[in-house]
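A.B. asks: Let me see the structure of the following:
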Amino acid sequence: MRVHQQPGYVLHTRPYRESSLLVEVFTREYGRLSLLAKGARRLKSQVRGLLCPFQSLLLSWSGRGDLPILSAAEPDQMYSELTDDSRLCGFYINELLMYLLHRYDPHTGLFAHYRQVLDRLTQSLDYEWSLRIFEKHLLRELGYALNLEYDAKTSQAIDPKAKYSYVPELGAIKAGDGSQNGIVVDGATLIALQREDSANESIKNECKRLMRAMISRQLGQRVLHSRRIFDSRRSAAADSVTRGRT
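C.D. replies: Residues are numbered from 1 along each chain as shown. Below is the predicted model:
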């Protein structure tokens, strides 16, 4: 099997033997797969410095089995490095793809959304909302699309002024209609997420609770290192505010 100049991104790398790398990539037409980059850590390697996260690449590889050999890699677009919080957001997205996508399962639509969210992170465009939109598309690709338009019990359109309980197995049910175990959100939050409109802080916070619950169901017991860093930063910031008031 030979693949020539397939658009893709590096999700993760780790050293292999003395001079090589095991490279986890997300590609447009082949989905997620692992490649062996022989000699990639050598100073004279042609791919040294290219196999880094968030760089749009054209990848070529050959071979059978679960670990084809990377034969070439070249930049597909000008590289704009993510920094600080945007970089951590990027690593969060990469972890989700690593854990939740099956190997060799193409997701051309999700690939386009991945490229879009990286563009937004590069431009520092509302990190939190960008992540929520990507999570929504990821769940849909996994076969767990959120029902954000209709009440799951009555089939009526979501009322922006009402409160709902979002039950993962069913969808949104208006509060008081018998649902006890869902995530409580405003109808306006569901509509904003469906339309991908700009959102105020209240909507962003509710979307974050909803999407964290939905994503966690898919992750099971797996722990996201990026999420731990997010949470530790938030705790440190809260402690700093508390100390400042005392």
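A.B. asks: does the residue nearest to the spatial centre of the chain sit in a helix, a strand or a coil?
C.D. replies: The residue lying closest to the centre of the chain (C-alpha atoms, centre = their mean) is Ile93, at 2.9 Å. Assigned by DSSP: H, G, I helix; E, B strand; the rest coil, the conformation of Ile93 is helix.
A.B. asks: Does it touch Gln116 like I think?
C.D. replies: No: counting by C-beta atoms under 8 Å, Ile93 stays clear of Gln116, with 11.2 Å between them. C-beta here means a position set from N, CA and C on the backbone, and glycine is covered the same way.
A.B. asks: Secondary structure element for Leu97, which one?
C.D. replies: Using DSSP states H and E, Leu97 maps to helix 84-100.
A.B. asks: Which elements pack onto that helix?
C.D. replies: Secondary-structure packing of helix 84-100 (3 or more C-beta pairs under 8 Å, 6 or more residues apart in numbering; DSSP states H and E): strand 2-16, helix 108-122, helix 127-141, helix 201-219, helix 225-245.
A.B. asks: Can you pull the domain assignment for the protein?
C.D. replies: Using automatic domain parsing, the domains assigned to the chain come out as 2-75, 84-145+223-245.
A.B. asks: Just give me the neighbour total for Arg2.
C.D. replies: Using other C-beta atoms under 10 Å, Arg2 has 9 other residues around it.
A.B. asks: do the same with the one 10 residues further on
C.D. replies: The local packing of His12 (other C-beta under 10 Å) involves 16 other residues.
A.B. asks: Setting aside sequence neighbours, what's the nearest residue to it?
C.D. replies: Closest residue to His12 apart from its sequence neighbours, by C-beta to C-beta, 6 or more residues apart in numbering: Glu24 at 4.3 Å.
A.B. asks: Then Ser86?
C.D. replies: Per C-beta to C-beta, 6+ apart, closest to Ser86 is Leu121, 4.2 Å.
A.B. asks: Run through the residues that contact that neighbour.
C.D. replies: Leu82, Ser86, Cys89, Gly90, Tyr127, Ser130 (C-beta atoms under 8 Å, 6 or more residues apart in numbering).
A.B. asks: do that again at 10 Å, thanks
C.D. replies: Taking C-beta atoms under 10 Å, 6 or more residues apart in numbering, we find Leu121 in contact with 54, 80, 82-83, 85-90, 93, 127, 130-131, 134.
A.B. asks: sorry, back to before: does the residue nearest to the centre of the chain really touch Leu101, like I thought?
C.D. replies: No: Ile93 lies out of contact with Leu101 (C-beta atoms under 10 Å); the separation is 11.5 Å.
A.B. asks: okay, and the common contacts of these two?
C.D. replies: With C-beta under 10 Å, 6+ apart as the test, Ile93 and Leu101 both reach Leu11, Phe26, Leu138.
A.B. asks: Now do the contacts for the last one.
C.D. replies: Under the criterion of C-beta under 10 Å, 6+ apart, the neighbours of Leu138 are 93, 96-97, 100-101, 107, 110, 113-114, 117, 144, 211, 214-215, 218.
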